[in-house]
Every structure is written in structure tokens, then in C-alpha cells.
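Novice: Next come a sequence and a model predicted from it.
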Amino acid sequence: MSVDTFEASLHHAKPPEDWSSALQALWLDANGQWDKAHSLVQVDEADRQCAWVHAYLHRKEGDLSNAAYWYRRFGHPVATGSLTHERQLIAGSLLDCSPPE
């Protein structure tokens, strides 16, 4: 799968059920469901992928200190690029199962 597949899926009524919690949360947020996305990543806070999406969500929310905490849990510096770019980077990484950049 690719980022284009993820972006195309945003027109569906719900995310694919076989996607990870982190990827489903990213999908929910991209469809204007931040609260549902946040609740989903909180289910598995020990998961690095969920930590990355959690960081992204708090960055998007504007809670930068909370975002910084989750970036540390993820093991990477705080993102500074556009939110769209980060969402696509996360989606690509989660779909590809490759190490994040």
C-alpha cells in the first residue's frame, strides 16, 4: 500500500478494519474525528506507532508540550514541517512497515 492508497481511503465511510490502531487513528483524524483518533491511540500507549500518532495529534491540537512528550516516547525529535507532510509520512511508514524517517 501507499500514501496515495491512504489518501484515497479518506473518501470511504470508515477506515479498513485490518489497519493498525495507529493507522485507523490517523485516518479518523484526517476525517475530522480528532477525539475518536485520540481515544484510539490511548488504548495502546506503549506502542511506538500509537505514540507517533499521539504526538502528531497533540501537535495538531496545539498542545506542544504534550506533543513533545509523545515524540520522546516515540523516540524522535518534535516534527516541525507541515501537518499534512507529517500525516503522509506517518501513513507511509505505517502502511509500509518501514522504519520512520
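Specialist: Everything's here; your move. Residues are numbered from 1 along each chain as shown.
Novice: Now do the helices in this protein.
Specialist: With helices called from DSSP state H, the chain shows them at 3-9, 21-30, 34-43, 48-61, 64-74, 83-96.
Novice: Show me what counts as buried in stretch 87-97.
Specialist: Of the residues in stretch 87-97, those buried by neighbour count under the rule 16 or more other Cβ atoms under 10 Å are 87-95. In this view, the C-beta of every residue, glycine as well, is placed from N, C-alpha and C.
Novice: Next: stretch 66-73.
Specialist: 67, 69-71, 73.
Novice: quick one: low-confidence ranges for this protein?
Specialist: 1, 97-101 (pLDDT under 70).
Novice: residue contacts, the spatially most central residue of it?
Specialist: Nearest residue to the geometric centre of the chain (Cα atoms, centre = their mean): Val53, 3.0 Å. By Cβ atoms under 8 Å, 6 or more residues apart in numbering, the contact set of Val53 is 22, 25-26, 29, 37, 41, 90.
Novice: again, only using 10 Å
Specialist: 20-26, 28-29, 37-38, 40-41, 47, 70, 74, 86-87, 90-91, 94 (Cβ atoms under 10 Å, 6 or more residues apart in numbering).
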